[in-house]
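Could you look at this predicted model? Sequence included:
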Amino acid sequence: MAQEQGKILIIEDDPDIRTIIKQLLSGENYQVSEAESAEEGLPLLDEDTDLVILDIMLPNMSGLSACEKIRETSNVPVLFLTAKSQESDKLIGLMAGGDDYLPKPFSYAELLGRIKALLRRYRVYRGKEDSAGKEKAESSHLRFGDLSLDTTFNHVEKGGEACTLSDIEYRMLRLMMQHPNQIFSAQMLYETIWNEPYFYTCSNTVMVHIRKIRKAVEDDPNNPKRIRTIWGKGYQFETHSGN
């Protein structure tokens, strides 16, 4: 008998898509459970679940809200499925705690590739956590040098001292720290954090908040080492400089 590859939970309201994914994964020797809504699916999540495939556009409770619920108790990888393909929608999913994003329609080869990559990363992560004896709650802390962000209590410290940030600024910093060295355009940041359509004048709003974040987290805000401006592209939380 072939070895089981892992336990996957599918939460998808389209019965055809759900059935096809289940058949595909079962054929690859994954143990699969399924649900048509977040309310039905969340109780199926347990400590043995290795991956959740989650549709964003669910009835009643959305996939984004379901992912936030999952993140209250579990670090299991979440792969979002959605008919939306805008880059800002992807970032909204990542902000909610998702690990990857696959727009519909998708190829089965791409779906399997994403699943296998997420499972590999999760197994490495769990192995490190187990060997170090760390508690799951520790994963709520993002640390780079003397900068620490606690996603559970929405708290930022630099050198052990609390940083004063507005909610908008906290969310911007959290997004960038969760994806270090990734370049975020002003439009990507605005549409993700403000959840509103972007106009060219909005870049000034983003710039003002970036300036405030720098005052809180940089040793020298006029010569930033963490929140870098990538001219013509956007902003980046830099880690290569040793921070």
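On my side now, so go ahead.

Now the element after the helix or strand of the chain with the lowest mean pLDDT, going C-ward?
When each helix and strand of the chain is scored by mean pLDDT, DSSP states H and E, helix 87-95 comes last, with a mean of 66. Sequence order places strand 100-103 as the next helix or strand after helix 87-95, per DSSP states H and E.

That next one packs against which elements?
strand 78-82, helix 87-95, helix 108-132 (3 or more Cβ pairs under 8 Å, 6 or more residues apart in numbering; DSSP states H and E). In this view, the C-beta of every residue, glycine as well, is placed from N, C-alpha and C.

can you pull the buried residues of that strand?
100-102 (16 or more other Cβ atoms under 10 Å).

weakest of the helices and strands packed on strand 100-103 by average pLDDT?
Note on those: lowest mean pLDDT is at helix 87-95, with a mean of 66.

any idea how the protein splits into domains?
Domain assignment for the chain by automatic domain parsing gives 6-132, 139-237.

Lowest mean pLDDT across those, which one is that?
Among these, domain 6-132 scores lowest, with a mean of 85.

next one: that one to chain centre, how far?
Centroid separation between domain 6-132 and its chain, computed with Cα atoms, centre = their mean, to the nearest Å, is 12 Å.

hey, where'd the strands end up in the protein?
6-11, 30-35, 51-55, 78-82, 100-103, 141-144, 147-150, 155-158, 161-162, 183-184, 227-230, 234-237 (DSSP state E).

To what extent is Trp194 buried, counted in neighbours?
16 (other Cβ atoms under 10 Å).

and what of the one 10 residues further on?
A total of 9 residues lie near Asn204 under the criterion other Cβ under 10 Å.

just Leu175 next, same as before
20.

gap between it and Leu149?
11 Å (Cβ to Cβ, to the nearest Å).

what do you get for Ile210?
16 Å.

likewise Gln5?
34 Å.

Of the two, which one has the most company?
Legend: neighbour count by other Cβ under 10 Å for Gln5 and Leu149, higher for Leu149 (24 against 15).

Excluding chain neighbours, what is closest to the more buried one?
What sits nearest to Leu149 in space, not counting adjacent residues and going by Cβ to Cβ, 6 or more residues apart in numbering, is Leu142, at 4.4 Å.

isn't the one you found right up against Met176?
No. Counting by Cβ atoms under 8 Å, Leu142 stays clear of Met176, with 9.9 Å between them.

Quick check: which of the strands of the chain is buried the most?
strand 51-55 (a mean of 26; mean count of other Cβ atoms under 10 Å).

Who are the contact partners of Ala96?
Contact analysis of Ala96 by Cβ atoms under 8 Å, 6 or more residues apart in numbering lists 64-65, 67-68, 71.

Filter these down to just the ones in helices.
Cross-referencing the contacts of Ala96 against helices under DSSP state H gives 64-65, 67-68, 71.

Weed out the non-buried ones from those residues.
64, 67, 71.

Look up how far Gly41 lies from the second one.
Here Cys67 is placed at a distance of 11 Å from Gly41 (Cβ to Cβ).

do the same with the last one
Counting by Cβ to Cβ, the gap from Arg71 to Gly41 is 15 Å.
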